[in-house]
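Colleague: dropping the sequence and predicted coords here.
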Amino acid sequence: MRVSRKASLAIAAATFFVLAGTGVASALWSTPASVSSTVRVADLTDNCTTGGQILIENASFEEPDTGSRAGVTQVRGTGNPASGGMPGWQSKNRANVVTDIEIWRNGTTYNGLPAVATTAGKQFVELNANEPGTLFQNVKTEQAGQTLQWSLLHRGRLGKDSMQLMIGSPTSPVVQRTITTDNGVADKSSGWVRYSGTYVVPANQPTTQLSFAALTVAGGDDTMGNFLDDVTFGSSPCMRATSTVSNASPANAQTVTYSTTVANTGGSPAAGVSFSWDIPSGLTYVANSLRINGVVGGTVNGASVFAPLGAGATATAGGSLATGISASVTFDVVVTAQQSTTLAYTPRISHSNMLAPGWVRTGMPANVPLVVSAPRADLGVTATVSAQTVARSRAVMWSFGVTNAGPSASSGVVVRISVPSGLTAVTPAGPSAACTTVSGVAGTYDCSLSGALAVNATAVVTLTATAPANALTGDRYTVTAVARSSTTDPSSSNNTASATVVADATPPNPPTNLTASPGRTSITLGWRAPQYGSTDVAAYVVYRNGTYVGMTAAPSLSYTDSGLAGNTAYDYQVFSYDAAGNLSSTSIGGRAQTN
């Protein structure tokens with residue numbers, strides 16, 4: 001229809017608000033104003049797969065954007081929006097001749113007619129433009145038997161207008177429904193009515209046409225009537241979610257930000273869209289950091305994050321996401337983990353099919369791992385032993401020093417000591433360390449330090465054990481200690497240390513040539529080193545009247561026995577003694593008398 005003629009027949013102009021949702025590909029709605037047919041879904045698994053995801057282009061007629069142009073604009077179908085054409089849609093008259101598509105702009109003063117009182121955008125079309133016409137779009141349908149959903153908003157212009165909805169092969173589409181809607185004179189925004197239904201793709205139909213043909217109009221002028229907006233035709237909703245984390249390798253007490261974007265890339269709108277995630281141990285939610293599309297919202301109960309998404313969402317229930325629309329969720333957490341660990345971020349995205357309320361699905365976006373780097377404390381272990389050799393039935397002590405080189409204090413330090421078989425009277429101990437036997441592991445003990453080990457501090461754990469009574473010379477006894485803690489150790493290569501003791505069952509030779517130099521209350525003994533050149537003598541042990549009285553370290557060859565009674569005779573024995581603790585099997589002896 002010519003614009004000038006429309007203007008002459010237009011109703012009085014009125015002022016109205018610009019609706020939110022400019023550029024939305026498909027409107028958001030809650031309760032349809034009309035009775036919809038029962039929606040059947042043939043395959044709920046194919047809506048996000050190649051060939052199964054079907055949707056129309058430019059569903060709300062928002063391209064091309066007519067901008068500030070008042071009234072109506074006529075454009076050629078399947079054109080480039082950059083040059084003023086309308087993508088996706090085509091129009092023809094009853095003689096099958098291509099015609100222009102007439103776009104009405106909401107937000108202008110032309111005839112005071114709004115688009116849709118939802119978020120369907122700012123533009124709508126009129127089927128009866130210059131003459132009664134048919135508006136249509138072709139889509140690829142590769143899967144026979146797939147159920148597609150259709151939905152639209154319709155209203156009359158001057159009264160009750162009628163049109164036919166046709167779906168099928170591009171050469172012979174089939175009438176699915178005849179739609180008649182009044183214009184809502186009392187309240188123009190209430191004139192829009194939603195209609196919806198389904199269509200099952202037959203076999204051998206790779207392309208399916210959706211078309212709307214004008215039938216009758218109120219007022220008798222075929223160039224005025226049948227307004228149409230927010231057309232949906234395609235597969236079920238397809239919710240795709242992508243997630244990121246601001247710092248994939250944080251340290252303890254650091255703050256990280258999680259972000260998830262949820263988009264409906266399917267062929268029909270989704271309802272009840274929500275985001276939820278149970279925060280794992282090792283992370284703590286930062287109060288008031290949860291945001292939905294940049295605005296504080298959602299709830300956090302304990303360690304559970306919940307964010308309702310989409311239009312019409314409430315504090316406890318998700319709203320709707322139209323085709324092509326997305327929503328974002330962001331929030332902060334503080335790392336409280338005390339040791340390095342990997343924490344998975346797999347939120348749940350729940351939604352239902354707005355056109356099939358019984359269809360509900362919950363999906364998990366791809367895992368975004370958070371590798372926690374907890375406080376670091378470099379432990380090092382050293383090992384020493386009280387003697388390099390040990391005689392039969394003699395005790396020896398191993399000492400293990402655990403030092404923390406930092407940079408942080410080390411918590412939960414445990415020293416595990418492994419003792420070889422053969423040793424007896426094994427006793428692990430240490431300052432501030434409780435030692436217990438490791439169940440099921442013979443000869444193994446865990447010594448736990450109480451409290452944290454400060455930077456540059458050292459704790460010593462000891463183990464005392466006795467060599468076997470039947471040990472043979474050369475038998476080796478190696479005790480090993482390994483330190484660990486609940487604090488991350490950046491280098492564990494120095495956490496283990498061992499010390500070895502060698503059994504010595506061979507006693508040294510005795511000394512020779514005992515001499516005595518008496519005094520009034522003392523006697524000084526002298527001797528020579530053992531014959532045959534014994535080299536392992538560590539000391540000489542002196543007995544008086546069969547009782548030990550003292551020893552002198554080699555290479556000294558004398559000993560003075562003091563505090564004796566005068567004019568008294570004493571019997572002496574002198575033994576050789578080696579480093580392992582062996583006494584010579586025989587001794588030298590003699591009698592001496594004080595003056």
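Modeller: Sure, I can see it. Numbering: from 1, shown residues only.

Colleague: show me what the strand ranked longest in the chain is packed up against.
Modeller: Secondary structure of the chain read by DSSP state E shows that its longest strand is strand 395-407. Applying 3 or more C-beta pairs under 8 Å, 6 or more residues apart in numbering; DSSP states H and E, one finds that strand 395-407 makes contact with strand 377-385, strand 414-418, strand 458-466, strand 476-484, strand 496-503. C-beta: built from backbone N, CA, C; applies to glycine.

Colleague: between those, which gets nearest to residue 253?
Modeller: Nearest to residue 253 among the helices and strands packed on strand 395-407 is strand 377-385 (14.9 Å), distances taken as C-beta to C-beta.

Colleague: now do the buried residues in that closest one.
Modeller: 377, 378, 379, 380, 381, 383, 385 (16 or more other C-beta atoms under 10 Å).

Colleague: partner strands of it and their direction?
Modeller: strand 395-407 (antiparallel) (DSSP bridges).

Colleague: need the contact partners of the partner strand.
Modeller: 376-387, 390, 410, 413, 415, 417, 425, 449, 453-467, 479, 481, 483, 497, 499, 501 (C-beta atoms under 8 Å, 6 or more residues apart in numbering).

Colleague: give the closest residue to residue 461 in space, chain neighbours not counted.
Modeller: Counting by C-beta to C-beta, 6 or more residues apart in numbering, residue 430 is the residue found nearest to residue 461 once chain neighbours are left out, at 3.5 Å.

Colleague: oops, could you answer that again for residue 238 instead?
Modeller: Residue 238 sits nearest to residue 266 (C-beta to C-beta, 6+ apart), 3.2 Å away.

Colleague: my guess is the one you found contacts residue 232. True?
Modeller: No - using C-beta atoms under 8 Å as the test, residue 266 is too far from residue 232 to be in contact (10.2 Å).

Colleague: overlap of the contact sets of those two?
Modeller: With C-beta under 8 Å, 6+ apart as the test, residue 266 and residue 232 both reach residue 323.

Colleague: returning to that earlier point: quick one: the longest strand of the chain to strand 496-503, angle?
Modeller: 160 degrees (axes from the mean of the first three to the mean of the last three C-alpha atoms, to 10 degrees).

Colleague: ok and strand 395-407 relative to strand 414-418, angle-wise?
Modeller: 150 degrees.

Colleague: buried stuff in strand 395-407?
Modeller: 395, 396, 397, 398, 399, 400, 401, 402, 403, 404, 405.

Colleague: try stretch 60-74
Modeller: 60, 61, 62, 63, 64, 65, 66, 71, 72, 73, 74.

Colleague: one step back: in CSV, list the buried residues of strand 377-385 along with pLDDT and distance to residue 213.
Modeller: Shown next, in CSV, are those (pLDDT from 0 to 100; distance: C-beta to C-beta, whole Å):
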residue, pLDDT, distance to residue 213
377, 88, 78
378, 92, 80
379, 96, 82
380, 97, 85
381, 97, 87
383, 97, 93
385, 97, 100
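
Colleague: and which of the residues you listed is nearest to residue 491?
Modeller: residue 378 (5.6 Å).

Colleague: would you confirm that that closest one contacts residue 487?
Modeller: No - Residue 378 lies out of contact with residue 487 (C-beta under 8 Å); the separation is 9.7 Å.

Colleague: spatially nearest residue to the residue minimising distance to the centre of the chain, not counting backbone neighbours?
Modeller: By C-alpha atoms, centre = their mean, the chain has its centre lying nearest to residue 344, at 2.4 Å. Nearest non-adjacent residue to residue 344, counting by C-beta to C-beta, 6+ apart: residue 367, 4.9 Å away.

Colleague: how about the secondary structure of that neighbour?
Modeller: What DSSP: H, G, I helix; E, B strand; the rest coil gives for residue 367 is coil.

Colleague: pretty sure it contacts residue 347?
Modeller: No - Residue 367 is beyond contact range of residue 347, at 10.0 Å (criterion: C-beta under 8 Å).

Colleague: the more surrounded of those two?
Modeller: residue 347 (21 against 12; other C-beta atoms under 10 Å).

Colleague: so which strand or helix has the nearest residue to that one once chain neighbours are set aside?
Modeller: Nearest non-adjacent residue to residue 347, counting by C-beta to C-beta, 6+ apart: residue 277, 3.9 Å away. Element membership for residue 277, per DSSP states H and E: strand 270-278.

Colleague: for that strand, which positions count as buried?
Modeller: Buried-residue list, strand 270-278, by 16+ other C-beta under 10 Å: 270, 271, 272, 273, 274, 275, 276, 277.

Colleague: straight-line length of stretch 529-545, end to end?
Modeller: Stretch 529-545 has its terminal residues 22 Å apart, counting by C-alpha to C-alpha, to the nearest Å.

Colleague: cool, stretch 498-511 as well?
Modeller: 36 Å.

Colleague: give me the pLDDT value at the closest residue to residue 569 other than its chain neighbours.
Modeller: Of all residues not flanking residue 569 in the chain, residue 593 sits nearest, at 4.2 Å (C-beta to C-beta, 6+ apart). Reading off the confidence values, residue 593 has pLDDT 94.

Colleague: can you get me a residue count around residue 593?
Modeller: 13.

Colleague: residue contacts, it?
Modeller: 518, 567, 568, 569, 570.

Colleague: make TSV out of those and add neighbour count and secondary structure.
Modeller: Putting the contacts of residue 593 into TSV (neighbours: other C-beta atoms under 10 Å; DSSP: H, G, I helix; E, B strand; the rest coil) gives the following:
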residue	neighbour count	secondary structure
518	18	strand
567	10	coil
568	13	coil
569	12	strand
570	18	strand
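
Colleague: so what's residue 91 up against?
Modeller: Residue 91 touches 77, 98, 99, 100, 101, 129, 133, 134, 135, 136, counting by C-beta under 8 Å, 6+ apart.

Colleague: and those, which are buried?
Modeller: Applying 16+ other C-beta under 10 Å to those flags 77, 99, 101, 129, 133, 134, 135, 136 as buried.

Colleague: please name the nearest non-neighbouring residue to residue 489.
Modeller: With C-beta to C-beta, 6+ apart, the residue lying closest to residue 489 is residue 379, at 5.6 Å.
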